[in-house]
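[1] turn this into a structure:
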Amino acid sequence: MKANFDSIISDTKPVIIDFHALWCGPCKVQSPILKEVANELGERVRVIKIDVDQNQDIAARYQIQSVPTLMIFKNGEIKYKQPGVHTKQQLMNVLTTIF
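    Numbers count the residues shown, from 1 in each chain. Below you'll find the model as predicted:
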């Protein structure tokens, strides 16, 4: 997954990474919001979900200490990292600064 992950985050369009866990209640709230953003922005953005329990090496690499945590990468660089549930408007506001 690590090599694939590195190629995914190197994309020229923003890549939203949702670090989540199956047992996490707030993560279940975040998921449909991310789907809305992905549907609205289409090909302009990519959304990836990373289960921290199954990908502990990636979670440790980016010091994910709580879930959900959203990170946004562009061209392999971290453009945004914040734990907690994000509203659609919060995400859209962050993305407008990254596009």
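[2] who's in contact with V85?
    V85 is in contact with 26, 29-30, 33, 68, counting by C-beta atoms under 8 Å, 6 or more residues apart in numbering. (Glycine included, C-beta is placed from N, CA and C.)
[3] how distant is the helix or strand bottoming out on mean pLDDT in the chain from the center of its chain?
    Using mean pLDDT, DSSP states H and E, the weakest-scoring helix or strand in the chain turns out to be helix 2-9, at a mean of 86. Put simply, helix 2-9 sits 13 Å off its chain's centre (C-alpha atoms, centre = their mean, to the nearest Å).
[4] what lines up beside whatever helix or strand comes next after that helix in the sheet?
    Going down the chain from helix 2-9, the next helix or strand is strand 15-20, by DSSP states H and E. Within its sheet, and counting by DSSP bridges, strand 15-20 is paired with strand 46-51 (parallel), strand 69-74 (antiparallel).
[5] for the residue positioned nearest the centre of the chain, give me the pLDDT.
    By C-alpha atoms, centre = their mean, the mean C-alpha position of the chain lies nearest to I17, the distance being 1.9 Å. Predicted confidence (pLDDT) for I17: 98.
[6] and it, what does it touch?
    I17 makes contact with 9, 48-50, 70-73 under the criterion C-beta under 8 Å, 6+ apart.
[7] can you report how many residues neighbour the closest residue to it other than its chain neighbours?
    With C-beta to C-beta, 6 or more residues apart in numbering as the criterion, I17 has its nearest non-adjacent residue at 4.5 Å, and that residue is M71. By other C-beta atoms under 10 Å, the residues close to M71 number 20.
[8] and if you look at T97?
    Residues near T97, counting by other C-beta under 10 Å, number 9.
[9] L91 versus that one, what's the distance?
    Applying C-beta to C-beta, to the nearest Å, the value for T97 to L91 is 11 Å.
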